[in-house]
Every structure is written in C-alpha cells, then in structure tokens.
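Asker: give the three-dimensional model of this entry:
(2 chains)
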2 protein chains.
Amino acid sequence: MILATDVPEWHRETDVIAVGFGAAGACVALGAREAGAEVLLLERASGGGGTSANSTGEVYLGGGTPVQKACGFEDSQEEMFRYLMASCGPDPDEAKIRLYCEQSVDHFHWLVGQGVPFKESFYGDGSYIPTDDCLAWSGSELNTRYAGIARPAPRGHTAQREGIEAGGELMRALCAAAVDSGAEIVTDCLVETLVQDADRRVVGVLARVDGEERFLRARGGVVLCAGGFINNKDMISRHAPWLNRCRLRLGVDGDDGRGIRMGQGAGGEAIRMDTACIVLPYTVPKKHCKGILVNDRGQRFVNEDAYQTVAGEIGLRNENGQVYLLVDDEIYERPFPPVEFVAVGETIEELERDAGLPSGILQQTVATYNAHAEKGEDPLFHKTAEFLKPLTKPPFGLLDYRVETALWSVFTMGGLRTSVDGEVLMAEGDAVPGLFAAGRTTSGLAAQGYSSGLSLADATFFGRRAGQAAAAGATS
Amino acid sequence: MILATDVPEWHRETDVIAVGFGAAGACVALGAREAGAEVLLLERASGGGGTSANSTGEVYLGGGTPVQKACGFEDSQEEMFRYLMASCGPDPDEAKIRLYCEQSVDHFHWLVGQGVPFKESFYGDGSYIPTDDCLAWSGSELNTRYAGIARPAPRGHTAQREGIEAGGELMRALCAAAVDSGAEIVTDCLVETLVQDADRRVVGVLARVDGEERFLRARGGVVLCAGGFINNKDMISRHAPWLNRCRLRLGVDGDDGRGIRMGQGAGGEAIRMDTACIVLPYTVPKKHCKGILVNDRGQRFVNEDAYQTVAGEIGLRNENGQVYLLVDDEIYERPFPPVEFVAVGETIEELERDAGLPSGILQQTVATYNAHAEKGEDPLFHKTAEFLKPLTKPPFGLLDYRVETALWSVFTMGGLRTSVDGEVLMAEGDAVPGLFAAGRTTSGLAAQGYSSGLSLADATFFGRRAGQAAAAGATS
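Answerer: Modelled structure (predicted):
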C-alpha cells in the first residue's frame, strides 16, 4: 500500500480502474462504460482473456432462458434458487444467489448482446461439450438429494464453438465488446499496489508499464478482478494445503492471488479460503458412473452419479485423494482423460490383492452394491436408477484415480468478501471505500459443491455490477 | 481503525498494550515486563482468566520435562517435533513447531517460575484428569500411524488441582504473576479499535473504560490476545459454518473474534479460518474405544483409539456429524458426558432396524471387524491391539453421538498469521508495524489434528514472545 500523500505525481486519471482482463475484467469495463464512466483496464499479460479463455466457456444460467425453453426444459427462478442454496456449500451467500437467480434470464440476454453466441441446442452426454452445442447438465441437479429439493433443469450454457475450450469464444466476444465499449486497455501492465488516502479510501494504483512506474488515479474506484490464487503455492499452503496435491491447476500465471492480497492489505476480508472446485475426472464416458468409486479401504464413499466436482471434493478432503473406480467389462470404455488400471482380474478378490487393498472389504462392497443394484436400489448413497447395474461381467478393473496419478484439476473458490455490488467488505462489515472486486478474486455464488458455470456467472454478472458501482462512485 | 491524526488527545501512554487477559494476555504482560517495558493489560470482562480459566489447564510440553522424567517417560525435542509436524494438519507452521520443541523444557521451567504447580505424577486413564495428577496422553501419539513416525511420549501437563477444570489453577497463577510483575491491569475495558499512523503503524487503541472513550498510546506495540471467534456466529458462518452445529462452544463471551477482526482491518492476514478443535466426547470410559464408531450408513470411518479431537474433526467434516458408537455388554459403562442409546438389541440386525440404518451394512461391518479383532488385527484403520476385541456379547447398543444430540464441543483454531515473535503478518508477508498477536487470536502450532494442550502452549509460549517483541519496539 502506498499513501496518496506519497505519490509524486499522478500520470493518469480516470473514473474506474479494473485490474485484470479476464471475464470479470471485461464485464467490469462493460458495466462501468454502460454507466458512462471512463475506464482503464489493466492486464499484466500481453492480451485479454485470462483463465476464462482457457475454460470450457460454460456459464450457469437458468430460470427459463431462451435456450432452456427451445430445448424443452422448464425452469424458474425459484427452482434455481432452491438448487443453488442447497448445493453451494453450507451457509452460501444468499444475497448473491437470490439476485443472480432473479436476473439470470436478463443476464443471458445481456451476454448475447455483447456478442456471446449460444446455440439453441442440448448436449446430453456430459458437461464438457466437444460439439458446438449449448445446454448441458453441469451440476448435481439430477442427483436424488437435489431432485428432492428442486425440480431439475440443465443450466450450463456453453458459448458456441466446437471443442471443449469454448472459453476462447466467450472471451473473444467479451474482449471485443470491452474494446468496442471504449474502455482503454493497457496490457503488459502489472499493478504493484493500491494507493490509499490517509482515511483508507482507495484512490488509485501503482502500476508498472513497460518497466516504468505509473501512478494511476481512479475517481470512482479500483476493481480487483485479477483471478484466484491456485498458482501461488504459498497461499495454497497457508489456506488449503491439500490443493497443492492436484496435478492440474486451472489458472494462468496471473492466478497468484495478487488481487486478493492487495484487497487484504487494504483491510478487506478474505473468506472461504479453504474452498475450491476440485474435479475428479471420472465421468467421461458417462456410463462409468455405473461403476463404483471406492477408497483405499475398499469402501464406497459417494453416489457415483455425483457431479465430478462433488466427488472430487469428497475424494480429496475426506478420502485423502486415494480413490479408485471399479468397472466391469460391460461398462468399460477408454476414459478421458486417460487413466491406468491398478488391477485387472477375473474376480474382485484378485483386484483387492493386486491393488493392495485390505482383504475382503471390496468384495463385500461389491456384493452389497450388486444385490441392491439388482433391485434398482442404492440404500447407501441413493445413486439414481439410471446408473445402477450389478457389476458382474468379468474381467473387472480398478482404475487408478488417486490424486498423485490421475489428472485431478482444481481452482480456488475463496477470496475477498464482497457485497452484491462488488464492494470489498472488511471483517467488521463496512466496505473499504473506493475498492471493489469480482470474479475469482472474490468468494462468490458457490463455496463448496461447485456446479460448472458458476465461476463465469460470478465473473460476468457480478463483474458488470462492480463496474457499475465503481462508476457510480465517480459521479457521486 | 482511527487515524492517529484524528486522536483528540492521548489519555495515557505506555510501552506495550495487551488486549485481553487470558493465558496469552498474562504471558504477553510477563514477557514485556521481563524485557523492562511498561505494560497496560486491558480486559473487557471484570477480571482476568478468559477461556483459559475454564479449560482443563493442560499445556502440551515435552522433549524431556522433569515430570516426564519423574514418571519414567523418555522424550526428546526431535521426537516431539516429528509428532507435531505429522499431526498438526497438512503444512503446519514449521517455524513455530521447531522453536516450541526446542524450548519446551525451558518453557516448563518458566511456567513453574510463574507459580504454575505441576505434580510429578502420571494419569493413565485419559486426557481429562479428575485427580490432581499432571501428565497424560493428550493426543494421537500412541496411534499406529504416529507411533511409526515418532516414539510416543505423553506430553499433556495439567496444572495441579482436583477436578477437570484445572485451568482455574493455571490462571490463578498466571494472573497473580502478571499482577506481581507490575503490569497495570484495567478490567471492564473494551478495546473498540486500533489507532494507526498514516503509514499504517499501530500506535495505540481506542478503548471504552467505565463508559468513557480513552485513547491509549503504545510506544512499542499493541498485542491482540483477545481469544478466538467461536462465539461469533456470523464469523463462523463465513469461515467454518459446520461449527455452528456443535452444541458446546468452548469460549467466553469475549471469543467473538474482535481481536482477529481488528488485525484484519489493519491489513493482517487471517489464515486457517476453517480449522477448529472439534471434540467428539466418546472416550470416557476409555474402554469404549473398544467399540466401533460408524456413520449413518453403518460404515466405520476412523480408528476408534483416535484422539477425540481427530474423531471429531473427521466425524463432523467427513461424516456430517452423523455418527454412532456401537458397544456390547462387555465394554459398556455409563459414558461421560451422558449420551443416549438410539437402539439396543440382542442382534446387530435389530440395531440397524431400530436406528434406521440401511439394511445389512452394519452387520457386515461388525462381522468384518470381529473376524479381524479376533486375530488382533484391524486392516481397515489399524486400531492398536489394546482396543481390539470382538463385539460379541449381547445386548448390543448404538450410542447416539450425532452432533445434534451429543455434547460435541468446539473452539476455533484459525486466526491472524504471525511470526514466531508474534508480529502480525500481511498477505504479502511483511509485518503490520507495531501490531502483535498471540493465543487463539492467531493461527498457531496446530491447524488440524489438534492435541490437547497445544492451545495453552500457543498462548503461554508465543504470548510471552510477543510481549518481549513488542517491548523491544518501545526501546528500539
């Protein structure tokens, strides 16, 4: 932090400064421009896009979007609200969830208005969409537990593009819209620290542009939208050390927590810093959900139709990442991403022995599972009938989904505590004057129990609102 | 936060201000007085003691203390270090653990020097000591996992007094020592906020004494030692919502997180805010560890000789607090604290049915457990042989240890990030000038995997060091 009184000269003055040009930054700029503010959008990389550009480009939207309707799915704000309140971890941010559900259809139209293409089509085989289709089940909506709470509807809306990295398409559109909006974009620009008045109001930033220090003043506010902290091993170690064990960190270099740290330094509170989206990638092909996931004792621990982020969270935190998927010859197909067998055999006993599991437990587990699956039941975990099938056709195989060997992927969900307008809040509840944040720099809609598309929902919806709020600060 | 320039007048000036008069505050005062500083010790309650006075008065000490030696236990710094590094959660604070292990014997003598009485006697039946004995096993040292890493030694040192609230005796001694040291103690004094210079240095506090605002200046530093946040439901909800489900919050009114919040407001980083000491109170009588703990599916989930805090952490986080203890007629004895049966019967099948567990699983669990216990083995969880006994003597009973009904107790372990000298650190790693913290206002030796006595170790050892460091700030 630098004090405003120590600033030798302001090199530039504007209404709103956005720090980071991913999905959140683009929407901050768009929101601020809509509100008539002058905007400076600073990005440390050489171009916009951030982690969002490498993502699946899926936005969680519902309540009856045109795509949902065209594909024949009924949905409502209330059902969406009930699902998110039940699934987004204990004590989720109700204010954010409520507002997002109320305005989700409007937000869909706004995204379309920015040039994001959504095809009116449904992809039924999973949440990763290799085609150019749009709508998919991207969470736990169909699971017995949630289906009993809210009428299920698919809400993952993926930008139209062939391949699983449709985030590129989403960001092409949002970056172009940000440029067209008249926001001034400065790349290769690392924000070093915030500048604060003596009374704590954030009035600007110190940035490094082409190797030179530049003091940039923001009349309305500074918006931190600089990603999460999955690429900062020290921060992970301090807040959620188990995440360092996952092999695939979903983030660009910029996801080093700098935005969060700047916010904390200004007195902002970081919350849910232990939470993350943890993907155990066992659901491609989808029919592998007919297998059973077991821990290294041979016990089941989750309904295998659980969304892969839920299985990942439980698998890593509760089962120490030591998990296997048991398949039989009938359901096995080459998985994506590829994963090895630890054991293959004609009997479960062989698997147990070859995998070094305690003798007898996996055999019991399978016998129990099969006996119930035969009747279309799963009294232990209530997997839905669609995925219940006795595992009886040899050879059997135990796929090695241990965290050290399989390609678990992860990004952080914890961050600055913000109001629905993106104000950065202190532990006492007041806002840090002049400071806003959005996207993965904040704790958002979901803490635990992630459904795909919620992170881009945070970034785009609350990013836009943060931009509007910061703009209001310039004119007030 | 109030700016020093806005302070109308300083009502008092001293070297070191300690905020809170529990075990940490007393040792802060003692440490600062040892270093020759003038000390003002502020307490919001009407007297000293804090939560420590209501505790079991157990301090985790080892490496060969006189009590360990007198009782015939060998221990060393290295063994203690290995145990704590392995048990205090993933990525524990190595610097704090190392220093504490190196100086633990000295710390024992220092406590004795302050008048804390430790009898040279061993209590073999558990960590809660109803006699006036001193030494007890207060963690997971004897568990198969840890015994393979470090040679076990009991390290819980309880102050000498009859009854399980020996914390009163500990605090009687430490409070008297603080008074004798010449620290000035002001009770009924609520610290409202910190006072900071424009450059962020903490220079004092605004306190309310007898209803009047008093600005108190600290030349050396302010030490926040105001307890944890278990009695602040909003903070719990933001950081560790599952803890709000535990019925017994171990803390006084002052454990409302005010110290942590003040530190965060000054730019300090709070870490491990999701962690807590969670006690599942099933180990009195000790022979109940021969029973088996099961979840609401009828599966075992932990070695039942686990320390009760470890079983509590796993039971609440992984098993959603839905746990039962199965006992047979041979091992059953009235538990303390009292707990009800959900089911009693001549067969395990009856228990399953009466308790509403899925049919057949508990029967399998017991059959498997018994078959192995017969041979003195526990391939699933490696419970030590001492507690392995087939559960075969009817009637059987399922004790209701669910978090809604049994008396789980809990206190928070997360807090301000501090150096070994108690400096409050920012997310970027620099210290907030003039600000120190100790005790449960900080994240300390243990994050997860709590062993009893570590919290008083944090408070007393690092409290004293924080006081010394703050004192050095006054004279430098």
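Asker: residue A:146: what's it in contact with?
Answerer: A:83, A:86, A:87, A:140, A:152 (CB atoms under 8 Å, 6 or more residues apart in numbering or on different chains). (Glycine included, C-beta is placed from N, CA and C.)
Asker: my reading is that it lies in a helix. Confirm?
Answerer: Yes - counting by DSSP: H, G, I helix; E, B strand; the rest coil, residue A:146 is part of a helix.
Asker: in JSON lines: the contacts of residue A:146, plus secondary structure.
Answerer: Formatted as JSON lines, the contacts of residue A:146 follow (three-state DSSP):
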{"residue": "A:83", "secondary structure": "helix"}
{"residue": "A:86", "secondary structure": "helix"}
{"residue": "A:87", "secondary structure": "helix"}
{"residue": "A:140", "secondary structure": "coil"}
{"residue": "A:152", "secondary structure": "coil"}
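Asker: what segments of the stretch 251-400 of chain A are strands?
Answerer: Using DSSP state E, counting those that start in this stretch, the strands of the stretch 251-400 of chain A run over residues A:270-271, A:276-279, A:292-295, A:323-327, A:341-345, A:396-400.
Asker: how about the ones you listed, which one is nearest chain B?
Answerer: strand A:270-271 (4.8 Å; CB to the nearest CB).
Asker: what pLDDT, on average, does the closest one get?
Answerer: Strand A:270-271 shows a mean pLDDT of 98.
Asker: also stretch A:279-286?
Answerer: 94.
Asker: also stretch A:305-317?
Answerer: Stretch A:305-317 comes out at a mean pLDDT of 97.
Asker: please, which helix or strand holds residue A:107?
Answerer: helix A:104-113 (DSSP states H and E).
Asker: what helix or strand is the residue most central in space within chain A on?
Answerer: Nearest residue to the geometric centre of chain A (CA atoms, centre = their mean): residue A:455, 3.7 Å. Using DSSP H and E, residue A:455 maps to helix A:454-457.
Asker: now do that helix: distance to the chain's middle.
Answerer: Centroid separation for helix A:454-457 versus its chain: 6 Å, with CA atoms, centre = their mean, to the nearest Å.
Asker: now stretch A:272-281
Answerer: Stretch A:272-281 sits 9 Å away from the centroid of its parent chain (CA atoms, centre = their mean).
Asker: right, and the helix or strand after the helix holding residue A:107?
Answerer: strand A:135-136.
Asker: can you give me the distance of the nearest residue to the residue nearest to the centre of chain A once chain neighbours are set aside to chain B?
Answerer: Leaving out its chain neighbours, the residue that sits closest to residue A:455 by CB to CB, 6 or more residues apart in numbering or on different chains is residue A:440, at 6.3 Å. To chain B, residue A:440 is 16 Å away according to CB to the nearest CB, to the nearest Å.
Asker: looking at the stretch 101-250 of chain A, which residue is nearest chain B?
Answerer: residue A:241 (3.8 Å).
Asker: chain B contacts on the stretch 251-400 of chain A?
Answerer: A:257, A:260-261, A:264-267, A:269-274, A:297, A:299, A:314, A:317-318, A:358-361, A:364, A:368, A:379-381 (CB under 8 Å from any CB of the partner chain).
Asker: filter the residues you listed to the buried ones?
Answerer: A:257, A:260-261, A:264-267, A:269-274, A:297, A:299, A:314, A:317-318, A:358, A:360-361, A:364, A:368, A:380-381 (16 or more other CB atoms under 10 Å in any protein chain shown).
Asker: can I get the strands of the stretch 251-400 of chain A in a markdown table with distance to residue B:373?
Answerer: Shown next, in a markdown table, are the strands of the stretch 251-400 of chain A (distance: least, CB to CB, whole Å):
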| stretch | distance to residue B:373 |
| --- | --- |
| strand A:270-271 | 45 |
| strand A:276-279 | 35 |
| strand A:292-295 | 21 |
| strand A:323-327 | 26 |
| strand A:341-345 | 27 |
| strand A:396-400 | 27 |
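Asker: minimum distance to residue A:425: which of the ones you listed has it?
Answerer: strand A:270-271 (9.1 Å; CB to CB).
Asker: which helices and strands does the closest one pack with?
Answerer: Where contact means 3 or more CB pairs under 8 Å, 6 or more residues apart in numbering or on different chains; DSSP states H and E, strand A:270-271 is packed against helix A:258-265, strand A:415-416.
Asker: of all the ones you listed, which one is nearest residue B:466?
Answerer: It's helix A:258-265; of those, that one is closest to residue B:466 (CB to CB) at 21.1 Å.
Asker: tell me the average confidence for the closest one?
Answerer: 97.
Asker: for that helix, packing partners?
Answerer: strand A:189-196, strand A:212-224, strand A:270-271, strand A:415-416, strand A:431-437.
Asker: in the longest one, what's buried?
Answerer: Read that as strand A:212-224. A:214, A:215, A:216, A:217, A:218, A:219, A:220, A:221, A:222, A:223, A:224.
Asker: so what are the sheet partners of it and their directions?
Answerer: As defined by DSSP bridges, the strand partners of strand A:212-224 come to strand A:12-19 (parallel), strand A:202-209 (antiparallel), strand A:431-437 (parallel).
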